[in-house]
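Participant: Take a look and give me a structure for this.
(4 chains)
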Number of protein chains: 2
Amino acid sequence: MSVNYGILPSLIGFNLRRTQVRIFQAFAETVGRFDITPGQFGVLEIINSNPGFNQSELGAAMGVDRSTVVAVIDRLEGRGLVVRAPSRRDRRSYALRLSDTGKDLLAKLQPLVLEHDRLAGQNLDDSEVKKLIGYLQKLQGT
Amino acid sequence: MSVNYGILPSLIGFNLRRTQVRIFQAFAETVGRFDITPGQFGVLEIINSNPGFNQSELGAAMGVDRSTVVAVIDRLEGRGLVVRAPSRRDRRSYALRLSDTGKDLLAKLQPLVLEHDRLAGQNLDDSEVKKLIGYLQKLQGT
DNA sequence: TATTGTTATACTCTATAACTATA
DNA sequence: TATAGTTATAGAGTATAACAATA
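Facilitator: Next up, the predicted model:
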């Protein structure tokens, strides 16, 4: 069955979306064995790289509202991966950190994720991947 | 506040996701005035370019399950933009098409979307945008 | 038997508004 | 008064499984 996509294939946004969906599906098939979504991996990585962040800071880093962070951390805390430790300097907030289980899992995930991402980019050579990431960061304003 | 993103910035998937979120936010601020999401614009564009498609064909074109299509079309039909016409050759299915209102709206949206996408890519010159889209299509396997 | 649209159900991700405890 | 976390609520988007009608 042949499909006419109209102006969609000429749009950056459409191609970005399609590519991202495809890569997330591949992520689910590989890293997903550990019941971790791309977003959850990102949260673990950010908490691990910024121990002591509170939920608002984490939300700002991820670009989501702090109310959204609650459920995300609820899930990860419920699985024993993240700890809400009381913050010393501000009794309203928590200092987030990975549990030992969380650290172990992240250490296992990192090489898997790197391998997944390498596979996702296998249709491009190294210099093309670099240029692609450079373009994407320019689009982000970075 | 400075954030350490660990290995995330080296990943194609992470950069893809971030860029896409940013572009969708810009879409919401411009095209969103018409209460249309990027996905809904895609549906209108595909139906317009393939009049007579049934819901299963539309789902296949979009890469989603046919059960997902039901709610999408319910919304657009409820707003008078899409028509579920009885199909002649198969009484189980509908021949989808845009209503006159839908066609008028799409005609208004197309230049807006093209302008939005042009703005989204303003940090890149034309040849870079072409290369970017080429890379993305390679990643999709196209 | 297989396919089309549908429904029931469930889960993720997201946001806004209002609440409480604290600053 | 402002901020941090939370809750209630809502909506989009997604899927699986089962069903009736039709092929």
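
Participant: secondary structure element for residue A:88?
Facilitator: If you go by DSSP states H and E, residue A:88 is not part of any helix or strand.

Participant: which residues touch it?
Facilitator: Residue A:88 makes contact with residue A:95, according to Cβ atoms under 8 Å, 6 or more residues apart in numbering or on different chains. To be clear about C-beta, it is placed using only N, CA and C from the backbone, and glycine gets the same treatment.

Participant: Could you do the one 5 residues further on as well?
Facilitator: For residue A:93, the residues meeting the contact criterion (Cβ under 8 Å, 6+ apart) are A:54-56, A:87.

Participant: now with 6 Å?
Facilitator: A:54, A:87 (Cβ atoms under 6 Å, 6 or more residues apart in numbering or on different chains).

Participant: Just give the nearest non-adjacent residue to residue A:63, would you?
Facilitator: residue B:21 (6.5 Å; Cβ to Cβ, 6 or more residues apart in numbering or on different chains).

Participant: Surely the one you found is within a helix?
Facilitator: Yes: applying DSSP: H, G, I helix; E, B strand; the rest coil, one finds residue B:21 inside a helix.

Participant: Which residue ranges of chain A form helices?
Facilitator: Using DSSP state H, the helices found in chain A span residues A:12-30, A:38-49, A:55-62, A:66-78, A:100-120, A:126-139.

Participant: and the ones you listed as JSON lines, adding mean neighbour count, mean pLDDT and distance to residue B:64?
Facilitator: Output for the helices of chain A, formatted as JSON lines (neighbours: other Cβ atoms under 10 Å in any protein chain shown; pLDDT from 0 to 100; distance: least, Cβ to Cβ, whole Å):
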{"stretch": "helix A:12-30", "mean neighbour count": "19", "mean pLDDT": "91", "distance to residue B:64": "9"}
{"stretch": "helix A:38-49", "mean neighbour count": "21", "mean pLDDT": "96", "distance to residue B:64": "18"}
{"stretch": "helix A:55-62", "mean neighbour count": "18", "mean pLDDT": "96", "distance to residue B:64": "25"}
{"stretch": "helix A:66-78", "mean neighbour count": "15", "mean pLDDT": "95", "distance to residue B:64": "24"}
{"stretch": "helix A:100-120", "mean neighbour count": "16", "mean pLDDT": "95", "distance to residue B:64": "21"}
{"stretch": "helix A:126-139", "mean neighbour count": "17", "mean pLDDT": "96", "distance to residue B:64": "25"}
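
Participant: Any chance of these in CSV with distance to DNA strand C as columns?
Facilitator: Converted to CSV, the helices of chain A look like this (distance: least, Cβ to the nearest atom of the strand, whole Å):
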stretch, distance to DNA strand C
helix A:12-30, 10
helix A:38-49, 4
helix A:55-62, 7
helix A:66-78, 3
helix A:100-120, 15
helix A:126-139, 17
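
Participant: how about the residues of chain A near DNA strand D?
Facilitator: Contacts of chain A with DNA strand D, taken as Cβ under 7 Å from any atom of the strand, map to A:21, A:54-56, A:66-67, A:69-70, A:73, A:84, A:90, A:92-94.

Participant: Which of the residues you listed sits closest to residue B:127?
Facilitator: For the residues of chain A next to DNA strand D, the closest approach to residue B:127 (Cβ to Cβ) belongs to residue A:21, at 26.5 Å.

Participant: nearest residue to the spatially most central residue of chain A other than its sequence neighbours?
Facilitator: Centroid-nearest residue in chain A, with Cα atoms, centre = their mean: residue A:42, separated by 3.0 Å. Take residue A:42 and drop its neighbours on the chain: the residue closest to it by Cβ to Cβ, 6+ apart is residue B:8, 6.0 Å away.

Participant: For that neighbour, the count of nearby residues, please.
Facilitator: 19 (other Cβ atoms under 10 Å in any protein chain shown).

Participant: Could you double-check that it sits in contact with residue B:14?
Facilitator: Yes: counting by Cβ atoms under 6 Å, residue B:8 does reach residue B:14; the two are 4.4 Å apart.

Participant: how much space between residue A:66 and chain B?
Facilitator: With distances taken as Cβ to the nearest Cβ, to the nearest Å, residue A:66 is found 14 Å from chain B.

Participant: typo on my end, it should be residue A:72
Facilitator: 15 Å.

Participant: Then residue A:134?
Facilitator: From residue A:134 to chain B the distance is 9 Å (Cβ to the nearest Cβ).

Participant: That's all I had, so thanks and see you.
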